[in-house]
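Trainee: Provided below are the primary sequence and the corresponding predicted coordinates.
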Amino acid sequence: MWFGVTLYSVETLYTYSDNILEGIRFVDALDKHSDHLSLIDEDFTNPAEPDFTLSSPDGERIRLVIRGEYRHWELPEAVSNAVDFIGRPDAVVVDKYGNQVVGGEFTDAAPIGNMILQREGRQVGLLRGGFPVVYDTAYTATDRSGSSIDPRFPPAMIVIVRLAYCLKYRIPAFITFYKNTDGERAAKEKYDDYPPQRKYDEGAKYLQNYLSSQLLNHVTGEYQTEVEEAQSDILHQMIEYLFETPVVRGSYTNRIEKDVPALSNADVLTRRREEFIDHLVDVINGRSEPKSEFAVTGFDPAEMVSWSGGHHKRKPLNKAVLDAGCEPQTFGSRQNPYIIDTDSFIEAVTSRYPTLSGELNKLDHSKETVVITSKFFQQRNSNCLVKVDPYSGSIAAFSEWLSRDLNNKKIRNVVVYSHSKCAVDDLEHSSKLKRSINQMSDITPVSVGADKTSADRWLFL
Amino acid sequence: MTPEDLSSELYSTPKVYSDEATLLDLYAKLVRTHDWKDDYLAPSGASWPNIRVWNGTDYDIGYVNKSDARVNLIAQSPASPFQFIIGYNVGQEFASMDSDYRIKQKVNSAYERTEETLSEISESFDLEEISVYRALVQSVSSFDNPQQRANRLQQSISDSLGQPKRTFGYITYQDDTKVGRKIVFHDDFPSEEEERIQWLLNDD
């Protein structure tokens, strides 16, 4: 204290990002929406490394240095581990010694259509690297692929996997929603019952209050109450999203019924919601181990549905499974991955394709197997294109969600299968698809055939 | 994990001084210093945000398709008559821009598509009194001579790239511990407007 004024030292944090702009957006959003930090100075003297000073109402100061484009910098180990795992998140914050503070994705594109899980690999990388993770996205997006502009909505899965991550990793894994003007307009025009009752403006505030208090907590050791209040607000918003009445397809009363009807223990999200959120806050702040009574990481066998497969069911490996009379199960209608008894799976596939026996028998026979169907390759003229997205993300999300239990122990094998007219036998190791396969899949069979149902050759990635 | 010192030279010196830094410098001068509106900012390789135009009261917003040829920055003066500076990262293409006609096509296609989009989404962009400037943006590494690069960019703007007269080149480079800047103009750039651009983009 000096004449009644507390003098604080300025602590420096470093934000590594996909490009400098992401770092600047990170700072601007803190300044605009947070109760705990305001921008008081900025320095662009070195445009490769802009430098911002933020202050709390009580005068604590944080200097935030932005280092854009990961590959342009020598990365501290924690950042390197996270961004090299599968893909590169938008922003990763560390302290001056390289210790983890927080990381996240901040996107204008809501997770819809075949991009739902596209950004999951990089977020799993952050979690594995020990970073709390935030994902800021919109309630709606527009699909402009057809003649009209159609509204689309993120499915329940995008929230459920994060509740599961919180429990499994004991680290915050949040998603927050904001209002996308285009999407909201399109939704209101198309659906009479839209919009549901929502606190549209709160998502940004909750997120930025969490981020700012997390930064302050890291440098001062204080602000734990503010951190936990923001965490609780975000978890409430996430769960409220699950229980909105969907406006599309059928007469479901909430998104879990529609998207993930087999989720076990979903009652804790309604009847014991406050207890559940309190428990999650305890777990992610290190005061409790996850309790099985609050597990939302598994499925109720009685509620699992037969895998219909859509166009994937005709692909050689899946067709062999179905033709053998197996009845693979999944967690909701029209879902991609299926779960199957491993012996039955191997028997069905090898009876038609005996040469696969050696690789398939590497699977752990004592566990069930999750099969995720992708299409990694596409023939275009004489070239064989590798399609990295969305598969690097969807493999990571399905694998994390379906193959690991509450304690993050492996409970199922993961088989990632692809069929196409062509294939690239050796994916570059630097490819995020290859990294996702290496990190997440136990075996990755690829069939190559001139038509959708036949396999002229097989390879394993 | 061993503690690292992120303020040390190892960590604080970029391995690559990329065009992104110069783009950001241009953005900072216009938007952060002079309060221009950032209608669009998308470094190379970044996702593409919506494009918008300040109409004096609010933003008119439009959509950029993934497949659209794209520029990297659109900054707009805050008050009418509006001035627009549209920045494009020249990047790796610099070496071949005088010999490969496709570079000129690519640059022009990005600008033309952008101007079409701006015109589609806002009447503000169609007003007769607006001024539109093209800025070709480039970073120069410590291995290159900034003056030579600037001279060549200036020549290319007027000659091989065939840019309209309201085009300038904006270069930054690392000069010991500081960042140096060079602005070069099309041969026929209006002189009064050149002074205005110099004033906006110089440090003083």
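Mentor: Right, received. Where do you want to start? Please read all numbers here as calculations on a predicted model, not as lab measurements.
Trainee: checking residue B:148 next. Helix, strand or coil?
Mentor: Taking DSSP: H, G, I helix; E, B strand; the rest coil as the rule, one finds residue B:148 in the helix state.
Trainee: for chain B, longest helix please?
Mentor: Identified as the longest helix of chain B according to DSSP state H is helix B:101-121.
Trainee: who are the packing partners of that one?
Mentor: With contacts defined as 3 or more Cβ pairs under 8 Å, 6 or more residues apart in numbering or on different chains; DSSP states H and E, helix B:101-121 has these neighbours: strand B:51-54, strand B:59-62, strand B:83-89, strand B:131-140. In this view, the C-beta of every residue, glycine as well, is placed from N, C-alpha and C.
Trainee: residues contacting that helix, please?
Mentor: Here helix B:101-121 makes contact (Cβ atoms under 8 Å, 6 or more residues apart in numbering or on different chains) with B:39, B:51-53, B:60-62, B:64, B:68-71, B:74, B:84, B:86, B:88, B:90, B:93, B:96-97, B:125-126, B:132, B:134, B:136, B:160-163.
Trainee: then stretch A:295-306?
Mentor: Residues outside stretch A:295-306 that contact it (Cβ under 8 Å, 6+ apart) are A:160, A:163-164, A:167-168, A:261-266, A:268-269, A:327-333, A:339, A:401, A:404-406.
Trainee: point to the residue nearest the middle of chain A.
Mentor: Nearest to the geometric centre of chain A sits residue A:120, at 3.3 Å (Cα atoms, centre = their mean).
Trainee: buried residues in the longest helix of chain B?
Mentor: B:103, B:104, B:107, B:108, B:110, B:111, B:113, B:114, B:115, B:117, B:118, B:121 (16 or more other Cβ atoms under 10 Å in any protein chain shown).
Trainee: okay if I get those residues as TSV plus pLDDT?
Mentor: Formatted as TSV, these follow (pLDDT from 0 to 100):
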residue	pLDDT
B:103	84
B:104	85
B:107	90
B:108	91
B:110	91
B:111	93
B:113	91
B:114	91
B:115	91
B:117	90
B:118	91
B:121	88
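Trainee: from these, which single one is nearest chain A?
Mentor: Chain A lies nearest to residue B:121 out of the buried residues of helix B:101-121, by Cβ to the nearest Cβ, at 12.3 Å.
Trainee: skip the chain neighbours and tell me the closest residue to the closest one.
Mentor: Spatial nearest neighbour of residue B:121, excluding adjacent residues (Cβ to Cβ, 6 or more residues apart in numbering or on different chains): residue B:62 at 3.4 Å.
Trainee: how about the residues of chain B by chain A?
Mentor: B:1-7, B:10-12, B:14-18, B:20-22, B:24-25, B:28, B:32, B:41-43, B:45-47, B:49-50, B:61, B:63, B:65, B:172, B:174, B:178-179 (Cβ under 8 Å from any Cβ of the partner chain).
Trainee: quick one, which of the residues you listed are buried?
Mentor: Using 16+ other Cβ under 10 Å as the burial test, those include B:4, B:6, B:11-12, B:14, B:17-18, B:20-22, B:24-25, B:28, B:41-43, B:46, B:49-50, B:63, B:172, B:174, B:179 as buried.
Trainee: just the residues you listed: which are in strands?
Mentor: Among those, the residues falling in strands (DSSP state E) are B:41, B:172, B:174, B:179.
Trainee: could you give the bridge partners of the third one?
Mentor: Read it as residue B:174. Applying DSSP bridges to residue B:174 gives these bridge partners: residue B:179.
Trainee: so what's the residue nearest to residue B:121 up against?
Mentor: Neighbour list for residue B:62: B:50, B:51, B:52, B:53, B:117, B:118, B:120, B:121, B:122 [criterion: Cβ under 8 Å, 6+ apart].
Trainee: one more time with 10 Å
Mentor: By Cβ atoms under 10 Å, 6 or more residues apart in numbering or on different chains, residue B:62 lies in contact with B:39, B:40, B:50, B:51, B:52, B:53, B:117, B:118, B:119, B:120, B:121, B:122.
Trainee: so the nearest residue to residue A:158 once chain neighbours are set aside, which state does it fall into?
Mentor: Excluding the flanking residues, the one nearest residue A:158 by Cβ to Cβ, 6+ apart is residue A:111, at 5.2 Å. Secondary structure assignment for residue A:111 (three-state DSSP): coil.
Trainee: surely residue A:111 touches residue A:157?
Mentor: Yes. Here residue A:111 reaches residue A:157: they are 9.0 Å apart, a contact under Cβ atoms under 10 Å.
Trainee: common neighbours of these two, please.
Mentor: A:117, A:120.
Trainee: can you give me the neighbour number for the closest residue to residue A:428 other than its chain neighbours?
Mentor: Distances taken as Cβ to Cβ, 6+ apart put residue A:434 closest to residue A:428, at 6.3 Å, once the chain neighbours are dropped. The local packing of residue A:434 (other Cβ atoms under 10 Å in any protein chain shown) involves 20 other residues.
Trainee: ok, residue A:434 to residue A:444 distance?
Mentor: In this view, residue A:434 and residue A:444 are 10 Å apart by Cβ to Cβ, to the nearest Å.
Trainee: who touches both of the two?
Mentor: Common neighbours of residue A:434 and residue A:444, using Cβ under 10 Å, 6+ apart, are A:376, A:427, A:461.
Trainee: which strand residues bridge the residue most central in space within chain B?
Mentor: By Cα atoms, centre = their mean, chain B has its centre lying nearest to residue B:87, at 2.4 Å. With DSSP bridges as the criterion, residue B:87 is bridged to residue B:73, residue B:135.
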